[in-house]
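[1] Got a predicted model here, sequence first, then my questions.
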Amino acid sequence: MSVGTGPTAVDVRILNRAELALHGVASDTPVRRPDGAGPSDDGHVLVDGANAALPRNPASPYRVRDGKVWLGENDTGLSLTPVQRPRFYGLATADGVPYEHIARLHGADVLATTVVQTCVRYAEPDRCRFCTIEESLRSGATVAAKTPAQLAEVAEAAVRLDGVRQMVMTTGTTTGPDRGARALVRSVRAVLQAVPGLPVQVQCEPPGDLSWITALRDAGATAIGIHVESLDDEVRRRWMPGKSTVPLADYRAAWDEAVRVFGPNRVSTYLLVGLGENPDDLIAGAGELIDRGVYPFVVPFRPMRGTLAARDGIEAPSADLLRYVTEGVAARLREAGMRGADQRAGCAACGACSVLSTAGG
């Protein structure tokens with residue numbers, strides 16, 4: 001349903017979904033992420049049957065009654081079902097490490113882990129202003145480095161007990177020229193020995209030696225995320241002072257090599273809405289990525305607890321801005337015949353942190 005006519009028409013459903021992504025819902029959720037490399041302190045739910053990671057916000061104007069999302073006395077038309085605590089969370093390794101400290105459930109059927117929970121860029125002044133990768137380590141919610149054997153053990157249990165259908169492996173950037181890819185290669189091999197055929201996405205910075213991309217594919221990875229967050233160099237320097245020292249030319253070379261190795265629409269990158277980038281430029285940049293065969297996973301910036309952005313009082317973007325960018329990128333994805341679900345594994349396939357799937361991307 002739209003309000004108005006012509007190019008200014010607003011899809012109310014997409015706007016409501018954007019509001020939920022930014023401001024959350026006043027509802028408790030059994031599965032959540034307190035800190036970490038991605039969106040933090042979110043509850044995992046199903047919105048209209050699709051994975052969604054929403055802030056748990058008692059002050060949100062959105063409420064859940066009888067499985068439906070209400071705005072005041074108005075039924076938004078969206079359904080919401082909390083994801084239940086998985087059974088594998090009740091298990092631990094032989095040496096006493098809880099499985100949920102090794103990998104966590106995202107959405108209803110995605111297992112996610114940060115293989116190396118430290119990052120060479122985490123100390124100021126190099127730290128990305130939106131990142132909390134080491135906060136979960138400081139709070140005791142995870143371990144610094146997950147071994148391949150641990151990841152294989154947890155993945156096998158998550159698939160067997162809870163019906164997990166894909167896995168995401170990310171990593172903090174390491175000191176070596178592989179930038180974390182080496183640990184991902186070992187981890188993917190171990191998991192696939194334990195659970196043959198499980199689709200796995202890997203995520204890392206562009207490695208200094210692009211042959212690591214082939215090594216990741218040879219290890220059995222299904223898809224790869226090489227996350228740039230912004231295509232505007234001024235924004236990159238302001239928000240990612242350390243990471244911005246990797247030139248955009250290196251990202252483009254890595255994306256092109258990844259598309260060659262993994263195939264079109266098996267490569268993705270995060271683009272964050274709300275960092276100050278011109279929205280039309282952001283949409284145009286996403287279109288260039290699509291032309292390369294790279295899926296631009298558009299996600300709202302949110303000032304998570306523990307981030308430098310939250311410390312400095314930087315606010316999330318408006319729902320109108322998120323809707324505008326999301327609809328613009330989704331239209332280009334539809335024109336190209338690219339869907340996140342076709343990646344089979346990873347953030348685009350899960351879709352929980354974005355509104356793109358609601359907009360048809």
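    Great, that's in hand. Since the model is a prediction, treat every value here as computed from it, not as a measurement.

[2] dump the residue contacts of the residue nearest to Arg302 when sequence neighbours are not counted.
    Excluding the flanking residues, the one nearest Arg302 by CB to CB, 6 or more residues apart in numbering is Ala316, at 4.9 Å. The C-beta positions use only the backbone N, C-alpha and C, and glycine is treated the same way. Residues in contact with Ala316 (CB atoms under 8 Å, 6 or more residues apart in numbering) are 22, 274, 300-303.

[3] now do His106
    Contacts of His106 by CB under 8 Å, 6+ apart are 33, 44, 51, 53, 112, 168, 350, 352.

[4] Quick one: those residues as JSON lines, columns for secondary structure, pLDDT and distance to Ala336 too.
    Putting those into JSON lines (DSSP: H, G, I helix; E, B strand; the rest coil; pLDDT from 0 to 100; distance: CB to CB, whole Å) gives the following:
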{"residue": "Arg33", "secondary structure": "strand", "pLDDT": "65", "distance to Ala336": "31"}
{"residue": "His44", "secondary structure": "strand", "pLDDT": "91", "distance to Ala336": "29"}
{"residue": "Asn51", "secondary structure": "strand", "pLDDT": "94", "distance to Ala336": "23"}
{"residue": "Ala53", "secondary structure": "strand", "pLDDT": "92", "distance to Ala336": "25"}
{"residue": "Ala112", "secondary structure": "strand", "pLDDT": "96", "distance to Ala336": "27"}
{"residue": "Val168", "secondary structure": "strand", "pLDDT": "98", "distance to Ala336": "23"}
{"residue": "Cys350", "secondary structure": "helix", "pLDDT": "95", "distance to Ala336": "20"}
{"residue": "Ala352", "secondary structure": "coil", "pLDDT": "93", "distance to Ala336": "22"}
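
[5] give me the number of residues near Thr93?
    If you count neighbours by other CB atoms under 10 Å, Thr93 ends up with 15.

[6] separation between it and Pro241?
    Thr93 sits 37 Å away from Pro241, going by CB to CB, to the nearest Å.

[7] In a strand, Thr269, correct?
    Yes. Applying DSSP: H, G, I helix; E, B strand; the rest coil, one finds Thr269 inside a strand.

[8] distance of it from Cys347?
    To Cys347, Thr269 is 10 Å away according to CB to CB.

[9] hey, what's in contact with both of these two?
    225, 297.

[10] Can you pick out the residue with more neighbours from the two?
    A count of neighbours by other CB under 10 Å puts Cys347 above the other of Thr269 and Cys347, at 28 against 25.
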